[in-house]
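**Student:** Test case, fold it:
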Amino acid sequence: MSTSVEDATVVGGYVPVIDLSGTDTPAGRLAAARAIGAACETSGFFTVVGHGVGQELIDRMYETSRAFFELPAEAKAEVAVVPGSNGFYASAGCGSKSCGVEAPPDLAEVYSASVRGDGVTPRPDAAYATVPWQAANRWPEAPAGFREVYREYGEAMERLAGGLIRLFALALGLDEGFFDDKTDRHASTVSANYYYPLTEPPMDGQLRKGPHADWGNMTILYQDAAGGLQVERPGHGWCDVPYTRGSFVVNIGDMMEFWTGGRWVSTMHQVTNPAVGEGRARISLPFFHIPNPDAPITPLFPFSNERTAERIKGAATPQEWFEQRMADVFS
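**Tutor:** Prediction:
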């Protein structure tokens, strides 16, 4: 069902579709902020259209990522992650482990780069679990233009995230610029997930991406039409997040849930498996928006639920937040 909330068009549902094309006016920004706030209080997920990111850039980023993942394994291994670096992961690890659940490895490959990673000098003595913004990016030579399109796409995501974070502030009843000085030196990452076709049955409990919640404050995801992304809805099981061409799926992470005192929710999500031999490859492009590493992260509102406060008990800064969580996963 489509409704108009003053100057914002919202297609309802557990993961609503919100049109941002009217946010060039104060009334339009306020309407979009209200719709975003309502979504973040229920599912923590919403889809945006009218966001201003060109389809040509999205398609180029998608095709460049696909071409990289379809390279021979030895070519991708040339930029494999080593201590103190960002780059290619032949195995995506296990998303469920970040929530303390043991499960088989996810059925995916990943490439990841930090918006700060080009200014980092590689350190041979660095720990494997270095926070992304302190790690050096490893860029492949093929396909041609890989580094350039990733940087261009990352800059577009930075602009979109900057607009969304200001709408977040309005939705929370804060000054529109509340988060500006906490995100102006943000430490975000731009990534690509490659869910390869299944040629043999997976292990028990093994998914393309196991159930998990994101760590940061916001994720902006482009997904293709292959499907499989699901969001957990308490009391209703798992809900599919449908593909809409040119849209981005946005969800808040544990850090934003903590920052809002649990007013907004960081929701478990997963990527399910296709039938063996039937499912094509799936590619998604997540941009993980992370505040300035030294930004103070303290709850803006009192926690009303002690269980939530305990689950996402935080640290003083994003630097400490990620160090704690990476230590849990890589221990």
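**Student:** so V17 makes contact with T47?
**Tutor:** Yes - V17 lies in contact with T47 (Cβ atoms under 8 Å); the separation is 4.5 Å. Just so you know, the C-beta spots here come from the backbone N, C-alpha and C atoms, and that holds for glycine as well.
**Student:** which residues are common contacts for the two?
**Tutor:** T244, S247 (Cβ atoms under 8 Å, 6 or more residues apart in numbering).
**Student:** The two: which is more packed in?
**Tutor:** The neighbour count for V17 versus T47, taken as other Cβ atoms under 10 Å, is higher for T47 (24 against 21).
**Student:** May I have the secondary structure class of that one?
**Tutor:** Look at T47: counting by DSSP: H, G, I helix; E, B strand; the rest coil, its state is strand.
**Student:** Could you pull up the residues touching it?
**Tutor:** Contacts of T47 (Cβ under 8 Å, 6+ apart): V15, P16, V17, I18, V241, T244, S247, F248, V249, V250.
**Student:** Next step: the residues you listed restricted to strands.
**Tutor:** V17, I18, F248, V249, V250 (DSSP state E).
**Student:** OK, contacts around the last one?
**Tutor:** Listed by Cβ under 8 Å, 6+ apart, the contact partners of V250 are F45, F46, T47, V48, L164, M218, T219, I220, L221.
**Student:** Show me the shaky parts of the stretch 51-200 of the chain.
**Tutor:** Scanning the stretch 51-200 of the chain for pLDDT under 70 picks out 95-101, 124-129.
**Student:** can you pull out the helices in it?
**Tutor:** Along the stretch 51-200 of the chain, counting by DSSP state H, counting those that start in this stretch, helices occupy 55-69, 73-77, 146-171, 180-183.
**Student:** now for those, which one comes closest to D254?
**Tutor:** helix 146-171 (15.2 Å; Cβ to Cβ).
**Student:** what's that closest one packed up against?
**Tutor:** Identification of packing neighbours for helix 146-171 by 3 or more Cβ pairs under 8 Å, 6 or more residues apart in numbering; DSSP states H and E yields helix 26-42, helix 55-69, helix 180-183, strand 189-195, strand 218-223, strand 282-289.
**Student:** in the longest one, what's buried?
**Tutor:** What it means is helix 26-42. For helix 26-42, burial by neighbour count (16 or more other Cβ atoms under 10 Å) applies to 28-40, 42.
**Student:** follow-up on the earlier one: nearest to A103, of the helices of the stretch 51-200 of the chain?
**Tutor:** Using Cβ to Cβ, the nearest of the helices of the stretch 51-200 of the chain to A103 is helix 55-69, at 22.9 Å.
**Student:** elements contacting that closest one?
**Tutor:** strand 109-114, helix 146-171, strand 189-195, strand 218-223, strand 282-289.
**Student:** Redo the ones you listed as JSON lines? Include mean neighbour count.
**Tutor:** Below are the helices and strands packed on helix 55-69 laid out as JSON lines (neighbours: other Cβ atoms under 10 Å):
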{"stretch": "strand 109-114", "mean neighbour count": "23"}
{"stretch": "helix 146-171", "mean neighbour count": "19"}
{"stretch": "strand 189-195", "mean neighbour count": "24"}
{"stretch": "strand 218-223", "mean neighbour count": "23"}
{"stretch": "strand 282-289", "mean neighbour count": "23"}
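**Student:** can you put the ones you listed in TSV and add distance to W133?
**Tutor:** As requested, the helices and strands packed on helix 55-69 are arranged in TSV below (distance: least, Cβ to Cβ, whole Å):
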stretch	distance to W133
strand 109-114	5
helix 146-171	13
strand 189-195	8
strand 218-223	16
strand 282-289	11
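**Student:** Show me which positions of stretch 174-187 end up buried.
**Tutor:** Buried residues in stretch 174-187 (16+ other Cβ under 10 Å): E176, F178, F179, K182, T183, H186, A187.
**Student:** What is the end-to-end distance of it?
**Tutor:** 23 Å (Cα to Cα, to the nearest Å).
**Student:** so where is the stretch 201-331 of the chain shaky, pLDDT-wise?
**Tutor:** 311-312, 314, 327-331.
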